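> This is a predicted model, with the sequence first.
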Amino acid sequence: MRPTFFSVLGVVLSTLLLSAPASWAAAPKAKQTAQTDVYKVAIDRSVSMSEAAESMRLRANALNLQLVAELPLSKQVEAVTGKPQRTITIFQFCDAVTAKELIELNLDFAVYMPCRIALIEDASGQGWLVMMDVNVDAIAKEKSVPQALKDRINAVRNSLLEIMQAGAKGEL
C-alpha cells in the first residue's frame, strides 16, 4: 500500500508543479522562481467547493475553453488510503488550436499544456483556486513567439483568470 500512496502523491505534486501558462495579470504573487510564480484566489466562504467547480466549468464553456480533464486527486488518495481527504481537484482547460500552434513553434511549450487550475481545500477548510503564473513575455521572447500568437496566449490567460474569479465567487 505504501508504494501506491507515494505514486499517487507523486502524481498530485507533479500535476501541481506543471500547471497552466497564466502569467500576466496584476495579482497577488507568491515567491517568484525563474519565470514562474503561483497565482491563487481564495474561494468565498459562502461558496461550496462543488459550487466553485461548477462555476468554473460553466465559465470555461462560455469562454470556449474546453475542459479536457478533471482529476479528483483527493478521491483517488481516499480510495488508496481509506481515509477522508480534503478536496484536491485539478481542472485542465485547453484551447486546442493555440496549443497546437505553440507546440509546432517549440516542443517545450508542451509542458504548459493543458492549462491547469487546482481546486484545493486547506487545513482550515478554506477553498483556493491555484494555477501556475508563467512570465509569458520572457518565454515568448526566448522562444520567438510571433505577436499574434502571443496575443492569443494572453487571451487564454485572461480566460483562465476569469474562470478562477467565477469559481471563487460562485458565479454562473
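Sure thing, it's come through. Residues are numbered from 1 along each chain as shown.
> which strands and helices sit next to the lengthiest helix in the chain?
Longest helix in the chain, counting residues (DSSP state H): helix 147-169. On a contact count with 3 or more C-beta pairs under 8 Å, 6 or more residues apart in numbering; DSSP states H and E, helix 147-169 meets strand 36-42, helix 49-62, strand 88-94, helix 96-105, strand 115-121, strand 127-134, helix 136-142. In short, each C-beta sits where N, CA and C put it, glycine included.
> could I get the fourth one in CSV with only the CA atoms?
It refers to helix 96-105. C-alpha atoms of helix 96-105 as CSV (Å, rounded to 0.1, in the frame of the first residue of the first chain):
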residue,chain,number,x,y,z
ALA,A,96,-6.6,23.2,-28.8
VAL,A,97,-5.7,25.4,-31.8
THR,A,98,-3.5,27.7,-29.7
ALA,A,99,-1.9,24.7,-28.0
LYS,A,100,-1.1,23.1,-31.4
GLU,A,101,0.5,26.2,-32.8
LEU,A,102,2.6,26.7,-29.7
ILE,A,103,3.9,23.1,-29.8
GLU,A,104,4.6,23.4,-33.5
LEU,A,105,6.6,26.5,-32.8
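> average pLDDT across it?
When pLDDT is averaged along helix 96-105, the result is 90.
> Packing partners of it?
Looks like helix 96-105 contacts helix 147-169 (3+ C-beta pairs under 8 Å, 6+ apart).
> what angle do the helix it packs on and helix 49-62 make?
Following axes from the mean of the first three to the mean of the last three C-alpha atoms, to 10 degrees, one obtains 150 degrees for the angle between helix 147-169 and helix 49-62.
> sorry, back to before: I'd like to know which of the helices and strands packed on helix 147-169 lies nearest to Gln165.
strand 36-42 (6.7 Å; C-beta to C-beta).
> nearest residue to Val145 other than its sequence neighbours?
Distances taken as C-beta to C-beta, 6 or more residues apart in numbering put Leu105 closest to Val145, at 6.5 Å, once the chain neighbours are dropped.
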